[in-house]
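Trainee: coordinates only, sequence not included:
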């Protein structure tokens, strides 16, 4: 993720942030509400105001299926913690910061095939069921589910739609000598993420004393 940190840091500087106000290695701890502090992946603090905090997450290898729920819980928990801390005045009278979520998923066969849901008591959200059911032995429809890649895409999109994060980006990349990078969803593309970040930062900095 070092290249991503460098790219976003350059974008922030171009948006008016002083380089010394950007943290990517040290001093990444921010106060929470349900815990004392949480270390973010990139933090921007300018003139004592929290401008931005970002999470950079990735998933690769053989354990992808075992970690989808963990990643979802982490994303929700971190956002809930910092927004509650913001409401409680942990960051002073600062305007709401930019809260960003970037997710990189290894593009491999197992993340692109449907995964069945277990529904012993109640049906899952239709978005997670897939679109073409078949009939089971009891005559009831059986849904194939959606892929892990699609699940992560839905996670990122809904994090923004529910205003849990200001913006989210979802990228897939192959683990090959010549890496192939794809962005499955236009609304979660890096260009949109960068534009939202720039607009938010420029607006917030314009309200700070010169």
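Mentor: Alright, I've got the coordinates. As the structure is a prediction and not an experimental result, all values here were calculated from the model.
Trainee: Now do the contacts for the nearest residue to residue 85 once chain neighbours are set aside.
Mentor: Spatially, and ignoring its direct neighbours in sequence, residue 85 is nearest to residue 33 (4.4 Å; C-beta to C-beta, 6 or more residues apart in numbering). Glycine gets a C-beta too; all of them are placed from N, C-alpha and C. Counting by C-beta atoms under 8 Å, 6 or more residues apart in numbering, residue 33 touches 81, 82, 84, 85, 88, 90.
Trainee: number of nearby residues for the residue lying closest to residue 115 once chain neighbours are set aside?
Mentor: Spatial nearest neighbour of residue 115, excluding adjacent residues (C-beta to C-beta, 6+ apart): residue 145 at 4.7 Å. Other residues lying near residue 145 total 18 when counted by other C-beta atoms under 10 Å.
Trainee: Kindly report the same for residue 94.
Mentor: Neighbourhood size, residue 94 [other C-beta under 10 Å]: 19.
Trainee: For it, give me its contacts.
Mentor: Contact analysis of residue 94 by C-beta under 8 Å, 6+ apart lists 48, 49, 50.
Trainee: could you redo the last one with a cut-off of 10 Å?
Mentor: 45, 46, 47, 48, 49, 50, 51, 86, 204, 207, 208 (C-beta atoms under 10 Å, 6 or more residues apart in numbering).
Trainee: As CSV, these with distance to residue 13 and neighbour count would be great.
Mentor: Conversion of these to CSV gives the following (distance: C-beta to C-beta, whole Å; neighbours: other C-beta atoms under 10 Å):
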residue, distance to residue 13, neighbour count
45, 15, 20
46, 12, 20
47, 16, 12
48, 19, 9
49, 17, 18
50, 18, 24
51, 12, 24
86, 25, 21
204, 15, 23
207, 19, 9
208, 16, 14
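Trainee: nearest to residue 66, of those residues?
Mentor: Distance to residue 66 across the contacts of residue 94 (C-beta to C-beta) is lowest for residue 86, with 32.2 Å.
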